[in-house]
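Asker: The following block contains a protein sequence and its predicted model.
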Amino acid sequence: MKKIAFIGTGNMGGALIKATCKAVDPKEVLITNRTLAKAQELSDELGCCVAQNNLEAVKNASYVVLCVKPQVINGVLEEIAPVVREEAKKRELVLATIVVGKKIADYTEITGLKELPVIRTMPNMPAAIGQGMTIAARNEFVKDTQMQEYFSLMKESGLMEEVAEDKMNAAGNLSGCAPAWAFMFIEALADGAVQTGVPRKSAVKYAAQTVLGAAQMVLETGKHPGELKDAVCSPGGTTIVGVRALEDRGFRGATMSAVTAAYEKTIGIK
Ligand SMILES: NC(=O)c1ccc[n+]([C@@H]2O[C@H](COP(=O)([O-])OP(=O)(O)OC[C@H]3O[C@@H](n4cnc5c(N)ncnc54)[C@H](OP(=O)(O)O)[C@@H]3O)[C@@H](O)[C@H]2O)c1
C-alpha cells in the first residue's frame, strides 16, 4: 500500500506531486493521468510510481488526491465510486481534492459513502516552488491524525491552513487566483520601469524581488499593510505621488473587484 496517490498530473497536480516527492520517499507516491505518458514522464523525473488507471490508484493508496478539472470531476468520481466503497470497508482511505468550487458533500454523495473522510483543499501555483498557500477543510470523518499526516505529506508545497468549509470558497478563491493578479502587478511595475529606461530583464527582477520583499515584511512584522505603506511614503515625496496615481485609477477598488468577481464565479461552479 502506497502512502498517497494522485489522479491527474497537470499543472497543479504535477506541482503537488513534486512537493510530495520531497516530503516522503517517492516510492510511497503513486500517480496516474488520463494521458498516461505524462504520468510516466513525471515518474521518470521524480522516481515515484505509476498506476495504470484511476481504479488502480484508489486501490493502492491511503490518501487519494483528485487533481482533475471541475468539468471532469463528476465522471472521475462516478468511475472510482465502487472501488472507493469497497476499499473503505476494508481499511482507512481518505479522499482529498484540489478541485475548485466542489463541496465535500458532493464527494460523499457521488461516491455513495456518507461517512467517507474527505479533505477539500485549494492550493496555488507557487506550490511548485514550495511557496504555496493552501487552504483546507475536512468533514467530521477525517481524524486529527489524518489531517496532520496529509499536511505533512504536502509540507514542501508551502503554507497550509485549515478553515471551516463555509469559508473555503472565499479563502481558497484568494489564494488560488491571486498569483495571476500578482504576476500582472509585477509585469505592470516592470513595464513602468522599462518606460523610464530600465532594461526589461532587470526591470522584471527588481519588480519581483520588491514584491517578494514587501510580502515577506507583511508576514514577518505582522504589521498592517497600510502602516507599512505609510512608512514608505515620505511627506512631499515620490512614493505618495505614485499612491495618488494608483488611487486616481481605482487600484484598490479594481483589486477588490477581482477578488469578488472570481468569488462569484467560484460559487457558481456546480
Ligand atoms: N492551476 C491552478 O493554479 C490551480 C489552483 C488551485 C486549484 N486548481 C484546481 O486544480 C485542478 C486541476 O487544474 P490544473 O490547472 O492542474 O489542470 P490541468 O493542467 O488541465 O490538469 C488536469 C489533469 O487531469 C487529467 N485528467 C483529465 N481527465 C482525467 C481522467 N478522467 N482521469 C485521470 N486524469 C484525468 C488531465 O490529463 P491529460 O494529460 O490527458 O489532459 C490533466 O493532466 C482543477 O480542478 C483546478 O480547479 C488549480
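Answerer: Looks like it arrived, so ask away.

Asker: what sits against whichever residue of the stretch 151-270 of the chain sits closest to the ligand?
Answerer: Closest to the ligand within the stretch 151-270 of the chain is residue 176: 4.1 Å, counting by Cβ to the nearest ligand atom. From N, CA and C alone the C-beta is placed, and that goes for glycine too. Neighbouring residues of residue 176 by Cβ atoms under 8 Å, 6 or more residues apart in numbering: 100, 122-124.

Asker: Check residue 43 too.
Answerer: Neighbouring residues of residue 43 by Cβ under 8 Å, 6+ apart: 31, 49-50.

Asker: out of those residues, which is most surrounded?
Answerer: With neighbours defined as other Cβ atoms under 10 Å, the most crowded of those is residue 31; it has 32 neighbours.

Asker: Which of the three states applies to that one?
Answerer: strand (DSSP: H, G, I helix; E, B strand; the rest coil).

Asker: And the longest helix along the chain, how far out from the chain middle?
Answerer: Counting residues, the longest helix found in the chain (DSSP state H) is helix 168-195. Here the centre of helix 168-195 is set off from its chain's centre by 15 Å, with Cα atoms, centre = their mean, to the nearest Å.

Asker: near the ligand, which residues of the chain?
Answerer: 7-13, 33-35, 38, 54, 67-70, 72, 76, 98-100, 122-125, 176 (Cβ under 6 Å from any ligand atom).

Asker: So which of these are in strands?
Answerer: 7, 122 (DSSP state E).

Asker: Just the buried positions in the helix or strand containing residue 265, please.
Answerer: Following DSSP states H and E, one finds residue 265 within helix 251-268. The neighbour-count check on helix 251-268 (16 or more other Cβ atoms under 10 Å) flags 258, 262-263, 266 as buried.
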